[in-house]
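Engineer: fold the following, please.
(chains A and B)
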Amino acid sequence: MTENIELKVDEVYHAESRRVLATLIRLLGDFDLAEDALHDAFTAALEQWPRDGMPANPRTWLVSTGRFKAIDRMRKRARFDASLETIAERLDGNINEVTWNEKVFNDDQLRLIFTCCHPALPADARIALTLREVCGLTTEEIARAFISSASTVAQRIVRAKSKIRDAKIPYQVPERNELAERLDTVLHVIYLVFNEGYFASSGESLTRSDLSCEAIRLGRLLMELLPEPEVIGLLALMLLHESRRKARTSSDGQIMLLDQQDRSLWNQEHIAEGLQLVERALSTRRFGAYSLQAAIAAVHAQAKNAAATDWDQIVGLYEVLFRLDPSPIVELNRAVAIAMRDGPHAGLELIDKLISSGDLEDYNLIYAARADLCRRLGKKREARDAYKQALKLSRQEPERRFYERRLAELVD
Amino acid sequence: MKYLCLIHRDENVIAALSEAEITALEEEHLAYDDELRKCGHFIAAEALQNGHDSTIVKIRNGKMIVTDGPFVETKEQLGGFFLIEARDLNEAIQVVSRIPCARLGSIEVRAVRDSIRRANLT
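Structural biologist: Numbering: from 1, shown residues only, chains lettered A, B, ... in the order given. Below is the predicted model of the structure:
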């Protein structure tokens, strides 16, 4: 009987703990207080639920209990620090503000996401805090995923929480007039997490693919709470990328480029969902860069094989993307697409212009792109030089192996 | 909550402005000061003299040491400050974003620490 309840509590923990935390942070006004309260609440659940049975609404029970325990804790500590009594009274006072409906819980989750991704926090702290508080990952899991130490991650999180407290970053969803910008920061964090998991080296692929799944889960959560076009677009983009995971590496860990991938390994469920979401995002006409990137990914996803790719559509989409985001990386990707549509000469011209502009000096992929076009044109020496440049600038093992392989193939 | 907002800007950018542009900028600033006074955010604001004209004062081993400032030859110098009252950081950011100099330089927003004395006055 007790085992059964423990399992139930575990289930509830997985399903509800993040939402309970988000609400507790609002009620108690402090991350650490809320985390202690969450812990106390679940401890109490393990003690009381076997005895009294499962409550009708576990989430509500946990929030109430957590809050009560926190106030109790404050009162006990107030015996040593009088200022805490005032805090305890204030916390107790806002009992009337506690309403229980889905909207409130959703708003609290949004508050949590936007606060963890506040632009005033350093970028790596936003990621760590979001993964910890919104996704519930442990410090060790985050450290492993980002090849850092648990103590570094822990310190980042502690500093971030201090800043939230000391600079008074409010626990709120941004106003309508700032929403677009602030949402951009959130989407950026989610996409960073996804990419960390997507470009994993084959050795650690198990941990890393969990990161991509976490990012997708976050994306889905955000879409449920705030179905803005770019939120939908980002989810589509992530799903379409993720659909190709199995095909991206060969059995011995070599990178397989898009045109070499076995498309039968592509996850059709992800693709179907991704395509649907792209359509939804684009139909709103308020779409942005993520939706456009997703649209490009969608064109690839719909091609039965590499030769069937509609490069003309892709070039068109890059034109629109460039107008929205005139960055050199978009220009590079557009150049590559133009090379596919109009032939290597056209692409090479554009890429050489980009290289001479100096913007992407340290970006190994621009040299890889040049190398590939030279290779296709039979310019072996130039191709080798460019691959050597790319190799110098690459720090990723599978990528480096790929360049070395190409170099070996280009030996006369 | 009080926030000290430090206006950092490149002296060369200011020097490159015409007389008319500088006057217009000053007027914009004065108008904004008034706006902030009206909605209760304003505590204080001043423009500062050229960064190269600053002086550094230290006491070490009981001796006073006075030297020419600034600390470091950086491109951006402290050009002025605002001391504002705001509900939280988001509100402070909104107030600061409308300071005319935000278009020319960067504004550092620092929360003012509650002194122990002040904290006990509840």
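Engineer: give me the nearest residue to A:Leu91, chain neighbours excluded.
Structural biologist: The shortest distance from A:Leu91 to any non-neighbouring residue, by CB to CB, 6 or more residues apart in numbering or on different chains, is to A:Ile71 (5.1 Å). (Each C-beta comes from the backbone N, C-alpha and C, glycine too.)
Engineer: and what of A:Leu239?
Structural biologist: A:Gly274 (4.0 Å).
Engineer: just checking, next helix/strand downstream of the helix or strand containing the one you found?
Structural biologist: Counting by DSSP states H and E, the element that carries A:Gly274 is helix A:268-283. As assigned by DSSP H and E, the chain's next helix or strand after helix A:268-283 is helix A:289-301.
Engineer: average pLDDT across that next one?
Structural biologist: Here helix A:289-301 scores 97 as its mean pLDDT.
Engineer: for the residue in chain B that chain A sits nearest to, phi and psi?
Structural biologist: Closest to chain A within chain B is B:Asp88: 3.9 Å, counting by CB to the nearest CB. Main-chain dihedrals, B:Asp88, degrees, to the nearest 10: phi -160, psi -180.
Engineer: count of residues packed around it?
Structural biologist: Neighbour count of B:Asp88, defined by other CB atoms under 10 Å in any protein chain shown: 16.
Engineer: same check on the one 4 residues further on?
Structural biologist: B:Ala92: 26 surrounding residues under other CB under 10 Å.
Engineer: do I have it right that A:Gln172 meets A:Phe114?
Structural biologist: Yes. Using CB atoms under 8 Å, A:Gln172 makes contact with A:Phe114 at a distance of 7.3 Å.
Engineer: of those two, which one has the most company?
Structural biologist: Neighbour count, other CB under 10 Å: between A:Gln172 and A:Phe114, A:Phe114 has more, with 23 against 14.
Engineer: what about chain B, any weak spots by pLDDT?
Structural biologist: Within chain B, the ranges that satisfy pLDDT under 70 run B:70-73, B:116-122.
Engineer: same thing but at 50, please
Structural biologist: B:121-122 (pLDDT under 50).
Engineer: OK, now which residue of chain A is nearest to chain B?
Structural biologist: For chain A, CB to the nearest CB, closest residue to chain B: A:Pro170, 3.9 Å.
Engineer: does that residue touch B:Asp88 like I think?
Structural biologist: Yes. Using CB under 8 Å, A:Pro170 is in contact with B:Asp88, at 3.9 Å.
Engineer: which strands or helices does the strand or helix carrying A:Ile329 pack on?
Structural biologist: Assigned by DSSP H and E, A:Ile329 belongs to helix A:328-342. Applying 3 or more CB pairs under 8 Å, 6 or more residues apart in numbering or on different chains; DSSP states H and E, one finds that helix A:328-342 makes contact with helix A:311-324, helix A:344-357, helix A:364-376.
Engineer: switch the ones you listed over to JSON lines; also include distance to A:Gly66.
Structural biologist: Shown next, in JSON lines, are the helices and strands packed on helix A:328-342 (distance: least, CB to CB, whole Å):
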{"stretch": "helix A:311-324", "distance to A:Gly66": "44"}
{"stretch": "helix A:344-357", "distance to A:Gly66": "55"}
{"stretch": "helix A:364-376", "distance to A:Gly66": "48"}
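Engineer: looking at these, which is closest to A:Arg244?
Structural biologist: A:Arg244 sits nearest to helix A:311-324 of all these, at 15.8 Å, using CB to CB.
Engineer: so which bits of the closest one are buried?
Structural biologist: A:Trp311, A:Gln313, A:Ile314, A:Val315, A:Gly316, A:Leu317, A:Tyr318, A:Leu321 (16 or more other CB atoms under 10 Å in any protein chain shown).
Engineer: anything in stretch A:107-126 near chain B?
Structural biologist: Yes. Using CB under 8 Å from any CB of the partner chain, stretch A:107-126 reaches chain B at A:His118, A:Ala120.
Engineer: ok, residues contacting that stretch?
Structural biologist: When contacts are defined by CB atoms under 8 Å, 6 or more residues apart in numbering or on different chains, stretch A:107-126 is touched by residues A:18-19, A:21-23, A:25-26, A:129-130, A:133-134, A:156-157, A:159-160, A:163-164, A:167, A:169-174, A:182, A:185-186, A:189, A:192, A:218, A:221-222, A:225-226, B:89, B:93.
Engineer: just the buried residues of these.
Structural biologist: Applying 16+ other CB under 10 Å to the contacts of stretch A:107-126 flags A:18-19, A:21-23, A:25-26, A:129-130, A:133-134, A:156-157, A:160, A:163-164, A:167, A:169-171, A:173-174, A:182, A:185-186, A:189, A:192, A:218, A:221-222, A:225-226, B:89, B:93 as buried.
Engineer: among those, which lie within strands?
Structural biologist: Using DSSP state E, no member of the buried ones among the contacts of stretch A:107-126 falls in strands.
Engineer: go through those residues and flag which are in helices.
Structural biologist: Among the buried ones among the contacts of stretch A:107-126, DSSP state H puts A:18-19, A:21-23, A:25-26, A:129, A:156-157, A:160, A:163-164, A:182, A:185-186, A:189, A:192, A:218, A:221-222, A:225, B:89, B:93 in helices.
Engineer: point to the residue nearest the middle of chain B.
Structural biologist: Residue closest to the mean C-alpha point of chain B, counted by CA atoms, centre = their mean, is B:Phe81 at 1.5 Å.
Engineer: quick one, what contacts it?
Structural biologist: Contacts of B:Phe81 by CB under 8 Å, 6+ apart are B:Leu4, B:Cys5, B:Leu6, B:Ile7, B:Ala44, B:Ala45, B:Glu46, B:Leu48.
Engineer: if any of those are buried, put those into a ChimeraX selection.
Structural biologist: Selection command for ChimeraX covering only the buried members of the contacts of B:Phe81, criterion 16+ other CB under 10 Å:
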select /B:4,5,6,7,45
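Engineer: check the contacts of B:Phe81 against chain A, which are close?
Structural biologist: Counting by CB under 8 Å from any CB, nothing from the contacts of B:Phe81 sits close to chain A.
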